[in-house]
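> show me the folded form of this:
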Amino acid sequence: MSTKIYNGYYLNKCSLDRLQTFCMRIRDRMEPVFEMLYASKVMKEAVDIIDEGALLNAGLYVRRDIDKEVLRAIDNPKSSPLWSAMWMVHERSNKIKETMKRDTAYDFDCQIAFIPIKDKILAMVFTEQRLLEEVFSGHLSIAGPQVHEYGYWDNSDRPDSISEEEWDKRDGDWDEVSIPAMIGFNAQCTPVHLPMMQWDALFRKALKPTYDERVNRHVFNLMLKLYEKEGGEVERRASDWFRLIEGTKKWMTGDGAERRAECESAVRGILKEITLESLTIEAPQGGA
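Okay, the predicted model is just below:
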């Protein structure tokens, strides 16, 4: 059976008190990142509701082009885009906990397993969010243990930067951890529940898609449909999805360049700059 530990690290040996202090500092540093990731996801969904609703009303999209959850929000004029997006994110995140099925874009959880062995403390980071893992892997503190990358795998070659002797040492250390869930202990490093933010705080903390990013995304979606009709002979099969994407990219800069310009002009004529007011129009009582 192959070993693949891409999320492995180690800490120098330390007391339980010192490790607890270390974990509290990690939590303090992860919380604002956790809030930013959540706010950014809500913002993206809210912007999609506004943009796709506008493109639907203008006839550039048809209903089958739109995700059913976004379409449900578009069809609910009594709820603001931000309110609908917030509940969409909460529902998808809660479903992960209920079903234990992966849904990467809506999973903001981070747990760290600490496994003491004879000369160090092994650690495994469990999160779908790269930025949360980077908070841990980049943690340097005089007052706490330093984090060292310590992955190991035997399904491909070791990195050139790691000697064969050190690679064998990693193999031996991780071999002591046959079933991580049965030894060591876990630390929950992000809040258990998603935050309920005031709209202005969410707007301030979120990473917002730029106007050009929004335009380019929808232009590409429109060009995908046009390429199927005018530019290529790709059948609607799962195995052809990659060919469809790559074919569209090439067509947009070649024979389809004129059609791309027409799409971009149309999209730019419809999409508006996003403001807090546009996100919160028709907010339910108490939503703002």
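
> for this protein, longest helix please?
helix 16-57 (DSSP state H).

> now do the helices in the stretch 151-288 of the chain.
164-175, 199-205, 211-226, 241-253, 257-268, 276-280 (DSSP state H, counting those that start in this stretch).

> let's have those in CSV, adding mean pLDDT, mean neighbour count and distance to Met86.
All C-beta atoms are positioned from the backbone trio N, CA, C, and that covers glycine. CSV is the format used below for the helices of the stretch 151-288 of the chain (pLDDT from 0 to 100; neighbours: other CB atoms under 10 Å; distance: least, CB to CB, whole Å):
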stretch, mean pLDDT, mean neighbour count, distance to Met86
helix 164-175, 94, 14, 41
helix 199-205, 94, 16, 8
helix 211-226, 95, 17, 20
helix 241-253, 87, 15, 31
helix 257-268, 96, 15, 26
helix 276-280, 93, 15, 10
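
> spatially, what comes nearest to Gly184 if we skip its sequence neighbours?
Nearest residue to Gly184, sequence neighbours excluded (CB to CB, 6 or more residues apart in numbering): Ile115, at 3.5 Å.

> who touches whichever helix or strand Ser84 is part of?
Assigned by DSSP states H and E, Ser84 belongs to helix 81-99. Helix 81-99 has contacts (CB atoms under 8 Å, 6 or more residues apart in numbering) with 38, 41-50, 69-70, 72-73, 76, 101-103, 106-109, 194, 199, 202, 278-281, 283-284, 287.

> cool, stretch 164-175 as well?
3, 5, 8, 10, 117, 120, 122, 150-152, 154, 158, 162.

> possible to save those as a markdown table with pLDDT?
Converted to a markdown table, these look like this (pLDDT from 0 to 100):
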| residue | pLDDT |
| --- | --- |
| Thr3 | 85 |
| Ile5 | 93 |
| Gly8 | 95 |
| Tyr10 | 94 |
| Ile117 | 92 |
| Lys120 | 94 |
| Leu122 | 95 |
| Tyr150 | 95 |
| Gly151 | 95 |
| Tyr152 | 95 |
| Asp154 | 91 |
| Arg158 | 91 |
| Ile162 | 95 |
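
> quick check: which of the helices of the stretch 151-288 of the chain is nearest to Glu31?
Comparing the helices of the stretch 151-288 of the chain against Glu31 with CB to CB, the closest turns out to be helix 199-205 (11.4 Å).

> columns distance to Leu56 on top of the helices of the stretch 151-288 of the chain, output as CSV?
Below are the helices of the stretch 151-288 of the chain laid out as CSV (distance: least, CB to CB, whole Å):
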stretch, distance to Leu56
helix 164-175, 52
helix 199-205, 24
helix 211-226, 11
helix 241-253, 21
helix 257-268, 13
helix 276-280, 16
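
> minimum distance to Tyr61: which of the ones you listed has it?
Counting by CB to CB, Tyr61 lies closest to helix 211-226 out of the helices of the stretch 151-288 of the chain; the figure is 8.0 Å.

> just want the angle from the closest one to helix 16-57.
Between helix 211-226 and helix 16-57, the angle comes out at 60 degrees (axes from the mean of the first three to the mean of the last three CA atoms, to 10 degrees).

> tell me the confidence at Lys229?
Looking at Lys229, its pLDDT is 81.

> got the contact list for stretch 250-264?
Val215, Val219, Phe220, Leu222, Met223, Leu226, Tyr227, Glu230, Gly231, Gly232, Thr248.

> quick check on the contacts of stretch 164-175: which are buried?
Ile5, Gly8, Tyr10, Ile117, Lys120, Leu122, Tyr150, Gly151, Tyr152, Arg158 (16 or more other CB atoms under 10 Å).

> from those, which two are the most distant?
The widest separation within these (CB to CB) is 20.3 Å, between Ile117 and Arg158.

> worst-scoring helix or strand of the chain, pLDDT-wise?
helix 241-253 (a mean of 87; mean pLDDT, DSSP states H and E).

> how far off centre is it?
Remark: helix 241-253 is offset 25 Å from the chain centroid, using CA atoms, centre = their mean, to the nearest Å.
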